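[1] Turn this into a structure:
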Amino acid sequence: MRSAGSATRRPRCTRSRSRNRPKEPRPRALRDPSPPGAGRGGRAAGRVRLAPHDQRGRGDPRAPAAGQPHRRRGRQPPDRRARARQGRPSARRSHPLANPGQHREGGGHDRRGHRNPGRHRPGAGVRRRRPAGFRLHHRDRAGPARRGRAAVSAARTLTELFFGASDRYRDRAVALRVKRGGRWLPISYAELVEQVRNAAAALRDLGIAPGDRVAILSENRPEWAITDYACLACRSADVPVYPTLPAKQVEYLLRDSGAVAVCVSNRTQLDKIGEIRASLPALRHVITFEPGLDGPGVLGFEALLARGRAARDRWPAWREEALRVTPDDLATIIYTSGTTGEPKGVMLTHGNIASNVAACLPILPMTDRDECLSLLPLSHIFERMAGHYLMFDAGVVINYAESVEAFSANLVETRPTLCCAVPRVYEKVYARALEAAAGASPVRKKLFFWARRTGDLWAERRLAGKPIPVDLRFAHAVADALVFARIRGRVGGRLRYFVSGGAPLAPEIARFFYAAGLTILEGYGLTETSPVITVNTPGHLKLGTVGRPVPGVEVRIAEDGEILTRGPHVMRGYYNKPEATAEALDPDGWLHTGDIGELDGEGYLRITDRKKDLIVTAGGKKVAPQPIEGLLKLNKFIANAVLLGDRRKFPIALLVPNYDRLEAWAREAGLRWETREELVARPEVEDQMAAEARKNLRDPWCSPGTFPSRTASSPPSCRSGAGWSSSTTPPGSRRRTPRRKPTGIRPTLSRGADRR
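    Numbers count the residues shown, from 1 in each chain. Next up, the predicted model:
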């Protein structure tokens, strides 16, 4: 029997009190509109949602009246708080897509990170509509999420890729950006399509027919991209040429490809064409990108666009004709370096490159909110596919770096979120960090190398999926605040990840960048494979490997260890070289890469060496040169290194000095010289370079001017099978072991003197 005072008290919500009461129909307004499977936990449709104003049912105008059982437990707020919250959404509720990992079936975490079942359920709280065109890439959970529209390419040809991306982002104000006159100038998607149409109409008016070849001899700039898309729209094939090549090599490429036109960037490239034009009877047109370059038979780019504007009315169905391209049509001829002979022209079709773009888009997180900085030459297939077609198809803003020298400044100015680069770029950043630490005060020097050791330990455990101790997490947080944050600031402060290719990346550099919050996704590919075969991704990253095969690509290891690949990414063949094509492609469609590698149990590919680069000494010992060359190039005094040793008693290292560093050292040492040849001939310089080379070879984790790491172990490629020995301290040991000198390695300067 209840007292009179308790008659006005609201009954407590208990399961036993409402168990036998018949269920009341639930209001339709509270039905969850989420589709089946929404959220990470696969929430079913039609489940009752919480009140619109509070996650615990407080302030719900539909709350049961006094004397009725409550649907959810929880304290009822005072009337004043309830009235204040009516009609106002909770300030603590966030959009269900803002943090996909937090909103899952069965609960989430509160603001302090504690587990709170039932707090964040999909669809709970205020009903909010997903913005039009909004999509969160599923791979963004592996890194800092960026809300935007992630493209999934369905293009079968590069012309479909161009028009598809232009239609999706037609209202965007920036597609490309270039720095001119000290200012970064944007080019919108509408302007880009207009210029491509004018350039394509002008090329048609010049008599360039489908199937003709047009060479591009230029640095990275918007005109390069416009010319490329215009050639594709004309159904012709372009031939990219490195602007660093001398005139004789340019002559061979233009003659072998049969180019009928060439586009050059500046006076230097125009002078090369002037030297060789008389020996190229097929070359009919020369187009210059920079204004003011006059000459016989030379057409400026602005004049080309003006000619296209006048001729475009005669080609009204230009888009329909451009889309008649088939995946088997030739898109480009890219010449390899020719290390084993004269350069070979790799024929890549529209389907080759478009399939590689479609394979990389789902596994590399990028959206139309991202920006990239284009540094590598577009003449290289890596930058052309990843930094040109892939970025454009995803809606990423492409910023063109001024030069290699201005790359660091451009990083700070543009603050990109993505970037493609070769290992040499990361080696320079790493070397600058080491140099700055070596020249700093003793306290800052110790702080830097402590942070590096801490970052190595943290990265090793994190990448291995092992639990990180509390003290290590705290130490890494301190190292991040004091050291790594500054390194991120030097690359703009927004970079989510780098994509690395073109050469092997030293694992210690990749680990250092990873610990600093700058993930490097190393991949592997060839010009003949359009180019990506394998790549690491944010969700599947293993340092020391080049990742797993991308979708649609087959990889297997031959009996002799050679890497073979097959798929839609493999080239049509070598231009005018059927014998070389038959040697590279077997009847079953497998491409023989010429690289030696192995696949581990998880499907990650590890490159060990080139099949033809293995050194066999006079004693019959096989030496893999790439690991040693990579260690030598970590030294700030060494710009490049090549290991020689076939049929010799021992291998020698041919060193190319970093002359900026070497000359600064020579001035401090009081040396005098007239030319660089005189400088490298001095015995003091030879001794200094030899000493610097031995610093790296003694301890693969020790860089010039530093002390060895007490926690690192030698990588697998640097052990006994590599033909040299190194001494490192085992992980966790506090005792510094003595270093041993390398066996069988003698460094020499680039003059090539073999002093036996």
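[2] In terms of helices and strands, where is residue 343?
    Under DSSP states H and E, no helix or strand contains residue 343.
[3] doesn't residue 333 make contact with it?
    No - if you go by Cβ atoms under 8 Å, residue 343 and residue 333 don't touch, sitting 10.6 Å apart. Bear in mind the C-beta positions are built from the backbone N, C-alpha and C, glycine included.
[4] So for those two, which sits in the more crowded spot?
    residue 333 (25 against 17; other Cβ atoms under 10 Å).
[5] Please name the residues that touch the closest residue in space to the more buried one that isn't next to it in sequence.
    Using Cβ to Cβ, 6 or more residues apart in numbering and skipping residues adjacent in sequence, the residue nearest residue 333 is residue 345, 4.4 Å away. Contacts of residue 345 were listed using Cβ atoms under 8 Å, 6 or more residues apart in numbering, and they are 239, 253, 256, 257, 333, 334, 335, 574, 575, 576, 577.
[6] who does residue 345 bridge with?
    In this structure, residue 345 bridges to residue 335 when assessed by DSSP bridges.
[7] What distance do you get for it to residue 265?
    Distance, residue 345 to residue 265, by Cβ to Cβ, to the nearest Å: 22 Å.
[8] what do you get for residue 259?
    For residue 259, the distance to residue 265 - Cβ to Cβ - is 16 Å.
[9] These two: which is more packed in?
    Neighbours were counted for residue 259 and for residue 265 using other Cβ under 10 Å; residue 259 has more, 25 against 21.
[10] sec struct for the more buried one, please.
    Following DSSP: H, G, I helix; E, B strand; the rest coil, residue 259 is assigned to coil.
[11] Please report phi then psi for it.
    Per-residue torsions, residue 259: phi -60, psi 130 (degrees, to the nearest 10).
[12] same deal with residue 682?
    Residue torsions, per degrees, to the nearest 10, at residue 682 are phi -70, psi 140.
[13] about what we covered before: if any of the contacts of residue 345 are buried, give me the ChimeraX selection for them.
    For the buried members of the contacts of residue 345, the matching ChimeraX selection, counting by 16 or more other Cβ atoms under 10 Å, is:
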select :239,253,256,257,333,334,335,574,575,577
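[14] Going by distance to residue 222, which of the contacts of residue 345 wins?
    residue 239 (19.4 Å; Cβ to Cβ).
[15] List the buried residues in stretch 342-353.
    So stretch 342-353, judged by 16+ other Cβ under 10 Å, has buried residues 343, 344, 345, 346, 347, 348, 349, 350, 351, 352, 353.
[16] quick one on the thing from earlier: now go through the contacts of residue 345 and say which are in helices.
    253, 256, 257 (DSSP state H).
[17] ok, and what's touching the longest strand seen in the chain?
    Criterion DSSP state E: the longest strand present in the chain is strand 591-599. Applying Cβ under 8 Å, 6+ apart, the external contacts of strand 591-599 come out as 524, 526, 528-529, 533, 555, 557-558, 561-566, 570-571, 583-586, 605-612, 614.
[18] Please put the alpha-carbon coordinates of the host helix or strand of residue 607 into CSV.
    Using DSSP H and E, residue 607 maps to strand 605-610. C-alpha atoms of strand 605-610 as CSV (Å, rounded to 0.1, in the frame of the first residue of the first chain):
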residue,chain,number,x,y,z
LEU,A,605,56.0,-8.9,-52.7
ARG,A,606,59.6,-8.2,-51.8
ILE,A,607,62.1,-7.2,-54.5
THR,A,608,65.5,-8.6,-54.0
ASP,A,609,67.4,-7.5,-57.1
ARG,A,610,67.5,-7.2,-60.9
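[19] after that strand, next one along is what?
    Downstream of strand 605-610 (by DSSP H and E), the next one is strand 615-616.
[20] Please name the strands paired to that following strand in the sheet, noting orientation.
    In its sheet, and by DSSP bridges, strand 615-616 pairs with strand 622-623 (antiparallel).
[21] Please report the number of neighbouring residues for residue 572.
    Using other Cβ under 10 Å, residue 572 has 18 other residues around it.
[22] Tell me how the chain divides into domains.
    Here the domain parsing of the chain from automatic domain parsing is 1-81+92-130, 189-325, 615-749.
[23] In terms of mean pLDDT, which of those ranks lowest?
    For the domains of the chain, mean pLDDT drops lowest on domain 1-81+92-130, to a mean of 39.
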